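Asks: Need a 3D model of the following:
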Amino acid sequence: MNAKVGEKIRIQLINIDPSEVHTMHLHGMNFQVVAKDGNPVAQPESMNTVLIGPGETMDLAVEAENPGKWMFHCHILDHVMNGEDMSPGAMGGFVTILNIAP
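Replies: Predicted coordinates:
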């Protein structure tokens, strides 16, 4: 995902798995949970990690404030591995990079 400093980004998470939960974590800055299951939340919460359960959706608002490349990923270890490969550079799965340009 690409953005420039000062831009606002909306990320919608959708957990289509009927049994797995995901702890989605953003490095470098916080986000606000602005909607759950399509409904706006009354008091958006600022955080850097959110738990999304089976069948849930969650909308996040991020203000791009820190230039750099920031990892956004699930904190459950086997969700960010390529099979059982734990060697350096083997990360895969639920990982993306938020690239914030100055």
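Asks: what sits up against stretch 35-44?
Replies: 32, 33, 34, 56, 57, 58, 59, 61 (Cβ atoms under 8 Å, 6 or more residues apart in numbering). Glycine gets a C-beta too; all of them are placed from N, C-alpha and C.
Asks: Restricted to helices, list the residues you listed.
Replies: In helices, judged by DSSP state H, none of these are found.
Asks: Under the pLDDT cut-off, which ranges of the chain? List them.
Replies: 77-93 (pLDDT under 70).
Asks: Surely residue 66 is in contact with residue 30?
Replies: No: contact criterion Cβ atoms under 8 Å: residue 66 and residue 30 do not qualify, at 10.3 Å.
Asks: which stretch of helix or strand covers the nearest residue to residue 18 once chain neighbours are set aside?
Replies: Leaving aside its chain neighbours, residue 18 sits nearest to residue 54 (5.3 Å; criterion: Cβ to Cβ, 6 or more residues apart in numbering). Counting by DSSP states H and E, no helix or strand carries residue 54.
Asks: Partner strands of the longest strand along the chain, with direction?
Replies: Longest strand in the chain, counting residues (DSSP state E): strand 39-47. Its sheet considered, strand 39-47 pairs with strand 31-36 (antiparallel) by DSSP bridges.
Asks: got the CA coordinates for the partner strand in CSV?
Replies: Extracted in CSV, the C-alpha atoms of strand 31-36 (Å, rounded to 0.1, in the frame of the first residue of the first chain):
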residue,chain,number,x,y,z
PHE,A,31,-4.9,3.3,13.4
GLN,A,32,-8.4,3.9,14.5
VAL,A,33,-11.1,1.3,14.3
VAL,A,34,-14.0,3.3,12.6
ALA,A,35,-16.4,0.5,11.8
LYS,A,36,-17.2,-3.1,12.9
